[in-house]
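Student: Structure, please.
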Amino acid sequence: MYAKMLINPALLSASARRKAPWVERRCNLDEREFTACYLRPRRPVVLTDALREWQALRVFTPNFFRQRFANVPVQSGAGEITLGEAIDQQLTLTREKPGVQSCVLADCTELLPYLTPRFACSLPSRHGHRLLPRAVFEMLNPLHVVFGASGNAFSDLHCSALHTHGWIAQVHGETEILFYEPDQEHLLYIDPARPCSSLVRDAADLAAYPLLREARCRRIVLRPGDALFVPSGIWYAQRRTSLSISVEFDQIESSNWIAFADAVFAAQLRSGHDLRALAYGVWLRLLGPVLGAAEWLGADRALDWGCNASTGWKAARRCSTHRN
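Tutor: The predicted structure follows:
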């Protein structure tokens, strides 16, 4: 029992929990403990052994993608470019020779065998359910691979646009993450027009954004094999400390379903689609209990990402938005 108290936040005293790191690194974490200690309290955590069975850890390198996907178009801050061109620029990126710092491979259908099995703590997830309208994901790419070069600036400060949970699986290189603890939106320069975005363009620039000095912020570094859980509603920014490849995907389950449904409704209203907003809002609200009952019976737990079914992973190619 004493040994377990050292690693299980649920068994720590109140004073010990205050002293414990807000973002912990855990191994051998089962679903029940993950749900009690991290999912329900909306607390980030790094799982250090969740990717141990992924072939991607051994296979995903810049050379692998240059050889297999060189001509595939990807999205970057400068617009569309081929993946081969982007990686070549990232490998030679310097202050004197700028290039593409980050780009996104949106269609991951061919890569799913390298990302299998999907680890248990990231399940259940409702993305692939047949009753969920595919058009919902026009604003969201639920699975993508991010290629990033070393740079000094952090990505835009943001949280999940549709209140999904996020996972960042680091398979090559390193990524630095800045996390902001909850209930600090008044210090984060929230964009009034986009409530899940911030006006902060570099979280390290405290001279330009002085309120960030008052915000409680935690820094972590992801290394190959790490899987980071980013709960719905948590604000963060990231940058690469070396040439990096990470697999990023979302999770929708019972605890964030209502927030997700409300976010879809609000996003459709902001886009001027009033009737679609009403239809989505009503349907998603009604669908929640149905999916919950199905999950109680074991649904939405496909270890192969549901790639043998009609899922949303191919539909994700239509989305080009990424903030890294």
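
Student: Give the rounded mean pLDDT of stretch 74-85.
Tutor: Averaged over stretch 74-85, pLDDT sits at 84.

Student: Distance from that stretch to the middle of the chain?
Tutor: 20 Å (CA atoms, centre = their mean, to the nearest Å).

Student: Do me a favour and get the end-to-end distance for that stretch?
Tutor: 10 Å (CA to CA, to the nearest Å).

Student: What are the contacting residues of that stretch?
Tutor: The contact list for stretch 74-85 (CB atoms under 8 Å, 6 or more residues apart in numbering) reads 65-66, 69-73, 86, 100-106, 147, 320, 322. C-betas here are computed from N, CA, C, even on glycine.

Student: Buried among these? Make that a ChimeraX selection.
Tutor: Applying 16 or more other CB atoms under 10 Å to the contacts of stretch 74-85, the buried members can be selected in ChimeraX as follows:
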select :65,66,69,73,86,100,101,102,103,104,105,106,147,322
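
Student: Keep only those of the contacts of stretch 74-85 that are in helices.
Tutor: 65-66, 69, 86 (DSSP state H).

Student: Find the helix or strand that the nearest residue to Leu132 once chain neighbours are set aside is a member of.
Tutor: Excluding the flanking residues, the one nearest Leu132 by CB to CB, 6 or more residues apart in numbering is Arg126, at 6.1 Å. Assigned by DSSP states H and E, Arg126 belongs to no helix or strand.

Student: Equivalent analysis for the one 3 residues further on, please.
Tutor: Taking DSSP H and E as the criterion, no element holds His129; it sits outside all helices and strands.

Student: Quickly name whichever of the ones in helices among the contacts of stretch 74-85 is closest to Ala267.
Tutor: The shortest gap between Ala267 and any of the ones in helices among the contacts of stretch 74-85 belongs to Ala86, at 28.8 Å (CB to CB).

Student: so the closest one touches Phe147, yeah?
Tutor: Yes - using CB atoms under 8 Å, Ala86 is in contact with Phe147, at 6.3 Å.

Student: Name the residues contacting each of these two.
Tutor: Shared contacts of Ala86 and Phe147 (CB under 8 Å, 6+ apart): 74, 103.

Student: how near is Ala263 to Leu29?
Tutor: Look at Ala263 and Leu29: by CB to CB, to the nearest Å, they are 28 Å apart.

Student: roughly how far apart are Asp274 and Tyr280?
Tutor: Taken as CB to CB, the span from Asp274 to Tyr280 is 11 Å.

Student: quick one: which of those two has more around it?
Tutor: Higher neighbour count among Asp274 and Tyr280: Tyr280, with 19 against 10, using other CB atoms under 10 Å.

Student: Pop out the phi and psi values for His127.
Tutor: phi -60, psi -40 (degrees, to the nearest 10).

Student: so what pLDDT did it get?
Tutor: On the pLDDT scale, His127 gets 85.

Student: Tell me how many other residues crowd it.
Tutor: Count around His127 with other CB under 10 Å applied: 24.

Student: my guess is it meets Phe260, correct?
Tutor: No - with contact defined as CB under 8 Å, His127 does not reach Phe260; the gap is 10.6 Å.

Student: any common contacting residues for the two?
Tutor: Ile252.

Student: and Leu291, which of the three is it?
Tutor: helix (DSSP: H, G, I helix; E, B strand; the rest coil).

Student: Excluding chain neighbours, give the residue nearest to it in space.
Tutor: Leu291 sits nearest to Arg126 (CB to CB, 6+ apart), 5.6 Å away.

Student: which sections of the stretch 1-150 of the chain are below the confidence cut-off?
Tutor: The stretch 1-150 of the chain contains residues with pLDDT under 70 at 1-20, 94-100, 139.

Student: Apply 90 and report the result again.
Tutor: The model of the stretch 1-150 of the chain has pLDDT under 90 over residues 1-22, 74-81, 86, 88-103, 106-109, 127-142, 148-150.

Student: what ranges do the helices span in it?
Tutor: Using DSSP state H, counting those that start in this stretch, the helices assigned to the stretch 1-150 of the chain run over residues 2-5, 14-19, 31-34, 56-59, 62-69, 83-91.

Student: so Asp304 sits in a helix?
Tutor: No - according to three-state DSSP, Asp304 belongs to no helix; its state is coil.

Student: which non-adjacent residue is nearest it?
Tutor: Asp304's closest residue in space is Thr116 (CB to CB, 6+ apart), at 5.2 Å.

Student: that older thread, pretty sure the residue nearest to Leu291 is touching Arg301, no?
Tutor: No - look at Arg126 against Arg301 with CB under 8 Å: they stay out of range, at 10.7 Å.

Student: Single out the most deeply packed of the helices of the stretch 1-150 of the chain.
Tutor: Neighbour counts (mean count of other CB atoms under 10 Å) averaged over each of the helices of the stretch 1-150 of the chain peak at helix 83-91, with a mean of 20.

Student: so how far is that helix off the chain centroid?
Tutor: 23 Å.

Student: who's in contact with Gly148?
Tutor: With CB under 8 Å, 6+ apart, Gly148 has these contacts: 90, 101-102, 173, 175, 239-240, 243-246, 324.
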